[in-house]
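Asker: here's my sequence, what's the structure:
(2 chains)
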Protein chains: 2
Amino acid sequence: MDTARIKQFAAEFDPQPFHLDENAAQESIFKGLVASGWHTAAVGMRLFVTGGLPFAEGLIGFGGELSWPRPTRAGDVVQLESEIIDIKVSRSKPHQGIVTVRAEMFNQKRETVYLLTAKLLVSKRTS
Amino acid sequence: MDTARIKQFAAEFDPQPFHLDENAAQESIFKGLVASGWHTAAVGMRLFVTGGLPFAEGLIGFGGELSWPRPTRAGDVVQLESEIIDIKVSRSKPHQGIVTVRAEMFNQKRETVYLLTAKLLVSKRTS
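Answerer: Numbers count the residues shown, from 1 in each chain, chains lettered A, B, ... in the order given. Predicted coordinates:
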């Protein structure tokens, strides 16, 4: 998590002092510069798309649940682990299914910084 | 939702064809270029921070639930409406509380494109 990119992302999408300025961040509840949770989530998507599950149509999400147990901080190195926890065939469209994926992001100390459980639209393989 | 910014955001965080290229997007399930759901969520945060609720320490989220009932498309003009649906005082830290906020984003046709229910950490006013 690059410091300059944390500030740049925040300036565009989440302009709060603890994402924008080291001194203000020191005075905040975070005691240091932290990334916007939405920046963390976006980085998680990057890791998921580039290293994740090979669905033919791509990763198309309906929604899900997320949490940020800890902030990501400037200089953090993060990694994402994901697993499929459920697969359901659509009743109305039997060639489609809904896959539930759980992803967990860790920082370099192996602390969890982000959790996402999301439902994705997928198509059945045509044989 | 600006076309160039949709592609730029996607190239960094969600590099899938239906977010990057009009022709590929036409061939996809979306039938046109759509923004990454995480771009939509980030824009929602921008609207929330700049037009939203005046908590003294800022908008500090633990997590929540989100969904994208429809994609946001290039050229869409979006707006966000938010309301507080619950306030709980922390048992362990009585000067703090958890506020639950529900936010809904609409496009220019008043169709819902994004829903977020999030829990935020807030401090009690000192009197």
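Asker: and the helices in chain A?
Answerer: A:3-13, A:17-20, A:22-27, A:37-51 (DSSP state H).
Asker: enumerate the residues of chain A near chain B.
Answerer: Contact residues (Cβ under 8 Å from any Cβ of the partner chain) of chain A with chain B: A:9, A:12-18, A:28-29, A:36-39, A:41-43, A:45-46, A:49-50, A:57-68, A:115, A:121. The way it works is simple: take the backbone N, C-alpha and C, and place the C-beta from them, glycine included.
Asker: switch the cut-off to 7 Å
Answerer: Contact residues, chain A versus chain B (Cβ under 7 Å from any Cβ of the partner chain): A:12-16, A:18, A:29, A:37-38, A:41-43, A:45-46, A:49, A:57-68.
Asker: buried subset of these?
Answerer: A:12-16, A:18, A:37-38, A:41-43, A:45-46, A:49, A:58-61, A:63-64, A:66-68 (16 or more other Cβ atoms under 10 Å in any protein chain shown).
Asker: out of the helices of chain A, the one nearest residue B:126 is which?
Answerer: Judged by Cβ to Cβ, the one of the helices of chain A that comes nearest to residue B:126 is helix A:22-27, at 16.4 Å.
Asker: where along chain A do the strands fall?
Answerer: Taking DSSP state E as the criterion, chain A carries its strands at A:60-67, A:79-89, A:96-106, A:112-123.
Asker: Throw the ones you listed into JSON lines and include mean pLDDT and distance to residue B:73, thanks.
Answerer: Formatted as JSON lines, the strands of chain A follow (pLDDT from 0 to 100; distance: least, Cβ to Cβ, whole Å):
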{"stretch": "strand A:60-67", "mean pLDDT": "94", "distance to residue B:73": "15"}
{"stretch": "strand A:79-89", "mean pLDDT": "94", "distance to residue B:73": "28"}
{"stretch": "strand A:96-106", "mean pLDDT": "94", "distance to residue B:73": "22"}
{"stretch": "strand A:112-123", "mean pLDDT": "94", "distance to residue B:73": "17"}
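Asker: indicate which one of those is closest to residue B:84.
Answerer: So among the strands of chain A, strand A:60-67 is nearest, using Cβ to Cβ, at 19.5 Å.
Asker: does anything pack onto that closest one? Which helices or strands?
Answerer: strand A:112-123, strand B:60-67 (3 or more Cβ pairs under 7 Å, 6 or more residues apart in numbering or on different chains; DSSP states H and E).
Asker: enumerate every residue touching residue A:105.
Answerer: A:44, A:78, A:80, A:113, A:114 (Cβ atoms under 7 Å, 6 or more residues apart in numbering or on different chains).
Asker: quick one, what contacts the nearest residue to it once chain neighbours are set aside?
Answerer: Of all residues not flanking residue A:105 in the chain, residue A:114 sits nearest, at 3.9 Å (Cβ to Cβ, 6 or more residues apart in numbering or on different chains). Residues in contact with residue A:114 (Cβ under 7 Å, 6+ apart) are A:40, A:41, A:44, A:68, A:105.
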